[in-house]
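In: Following is a predicted model, sequence given first.
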Amino acid sequence: MIKMPAKTTGRLVKVPATTNNITRGVINFLTVRGHYAFRVNTTGIWDPTKQILRRSTTPAGASDVVACLKLPAPYMVKTAEGQKYLTAGLFLAVEIKNKFTRDKMRPEQEVFAANVRAAGGIYLVVKRYEDFIAWYNEFFTQFTPKEGARIL
């Protein structure tokens, strides 16, 4: 069982530690905190009109979750309207590999991970929901203002 935030309220709920629930938990956790996250569909879609399965146009090896992390604004700039904070986002790709199912990375997923990292994004392989939470908390500590620091 894992505790994850509910989609709309953010209240913690207990659910089984399935791959689907870990994926949903990562998306809900990020969304509740103001980031933009969604699940990537890599399967084809059935076209009932033409009675065919349309192939997915998602790149081979694409991660399960894609997100844009909203980073804290460390700087202020002067504009015609006054002072404003600069905001920045960071690309995050999360591949869920459930610890209990012994799922492994495929070669095309390794290529996708390398491409994300080469472009300056973050690629994570998450085996447990708790591991993602620990990564998130550690990652965002670097943006905590240091004592005596000032905003420019």
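Out: Here it is on my side, so go on. Numbers count the residues shown, from 1 in each chain.
In: In contact with Ile133: list those residues for me.
Out: When contacts are counted by Cβ atoms under 8 Å, 6 or more residues apart in numbering, Ile133 touches Phe29. Heads up, the C-betas are built off the backbone N, CA and C, glycines and all.
In: Quick check, pLDDT for it.
Out: At Ile133, the pLDDT value in this model is 93.
In: and if you look at Met76?
Out: Value listed for Met76 in the pLDDT field: 51.
In: Mind picking out the helix or strand in the protein with the poorest mean pLDDT?
Out: strand 76-79 (a mean of 56; mean pLDDT, DSSP states H and E).
In: where's Thr42 relative to Leu71, distance?
Out: 28 Å (Cβ to Cβ, to the nearest Å).
In: Pro59 now?
Out: Counting by Cβ to Cβ - Pro59 and Leu71 are separated by 25 Å.
In: Endpoints of stretch 93-107, how far apart?
Out: 16 Å (Cα to Cα, to the nearest Å).
In: Then stretch 93-110?
Out: Start-to-end, stretch 93-110 (Cα to Cα) is 12 Å.
In: Any chance you could list what contacts that stretch?
Out: Taking Cβ under 8 Å, 6+ apart as the rule, stretch 93-110 contacts 17-19, 22-23, 26, 60-67, 112-113, 116, 121-128, 132.
In: mind listing the helices for this protein?
Out: 19-32, 107-118, 129-141 (DSSP state H).
In: now the residue nearest to Leu12 when sequence neighbours are not counted: how far from Ile45?
Out: Leaving aside its chain neighbours, Leu12 sits nearest to Lys3 (4.5 Å; criterion: Cβ to Cβ, 6 or more residues apart in numbering). According to Cβ to Cβ, Lys3 and Ile45 sit 33 Å apart.
In: Lys99 now?
Out: 30 Å.
In: My guess is Met1 contacts Val15. True?
Out: Yes: with contacts counted by Cβ atoms under 8 Å, Met1 reaches Val15, the gap being 6.8 Å.
In: When these two are compared, which one has more neighbours?
Out: Val15 (16 against 7; other Cβ atoms under 10 Å).
In: Show me what the more buried one bridges to in the sheet.
Out: Ile2 (DSSP bridges).
In: which residues does the most centrally placed residue in the chain contact?
Out: The residue lying closest to the centre of the chain (Cα atoms, centre = their mean) is Ala67, at 4.0 Å. Residues counted as contacts of Ala67 (Cβ under 8 Å, 6+ apart) are Ile27, Leu30, His35, Tyr36, Ala37, Phe38, Phe91, Leu92, Ala93, Val94.
In: Thanks a lot, catch you later.
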